[in-house]
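*Asks:* Turn this into a structure:
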Amino acid sequence: MLDFTRTWLPFIYLYGVGGIIFILGMNLVLKSGSLDLKRRLHRIWLFILFLGFSWYVVIHSTVSLAALGYESASAVIILLFLFIMAFLYLVIISMNQKGS
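*Replies:* Numbers count the residues shown, from 1 in each chain. This next block holds a predicted model:
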């Protein structure tokens, strides 16, 4: 079995430092006025950016868990994330139908 420093420490570093840089970059974009949260399309893109970051975190963690022998845990995480994605999709669709 691989130890913590070879499995989860790089994961924590990648998404910890990368997440901080991502948040700082998004803060810079918001403060510069490049992204106007009053515009619906800009809010959608902001949502897509945060969802994309979390998607990569979930995929990377589940693949790491599966590689370490925790296939059932990684399957549960993937299923939960897919249910959340389906729920968000349905919420967005219903919001678009109410707006039309």
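
*Asks:* Tell me which residues touch A75, please.
*Replies:* T62 (Cβ atoms under 8 Å, 6 or more residues apart in numbering). Any C-beta I mention is one placed from the backbone N, CA and C, and that applies to glycine too.

*Asks:* and it, what element?
*Replies:* helix 71-99 (DSSP states H and E).

*Asks:* what do you get for V17?
*Replies:* Following DSSP H and E, the helix or strand that holds V17 is helix 4-32.

*Asks:* Can you mark which positions in the next helix-or-strand element following that helix are buried?
*Replies:* For helix 4-32, the succeeding helix or strand toward the C-terminus, using DSSP H and E, is helix 40-67. By neighbour count with 16 or more other Cβ atoms under 10 Å, helix 40-67 contains the buried residues F53, V57, V58, S61, T62, S64, L65, A66.

*Asks:* Who are the packing partners of helix 40-67?
*Replies:* helix 4-32, helix 71-99 (3 or more Cβ pairs under 8 Å, 6 or more residues apart in numbering; DSSP states H and E).

*Asks:* Mean pLDDT and distance to W45 for these - can I get that in CSV?
*Replies:* As requested, the helices and strands packed on helix 40-67 are arranged in CSV below (pLDDT from 0 to 100; distance: least, Cβ to Cβ, whole Å):
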stretch, mean pLDDT, distance to W45
helix 4-32, 93, 10
helix 71-99, 84, 13
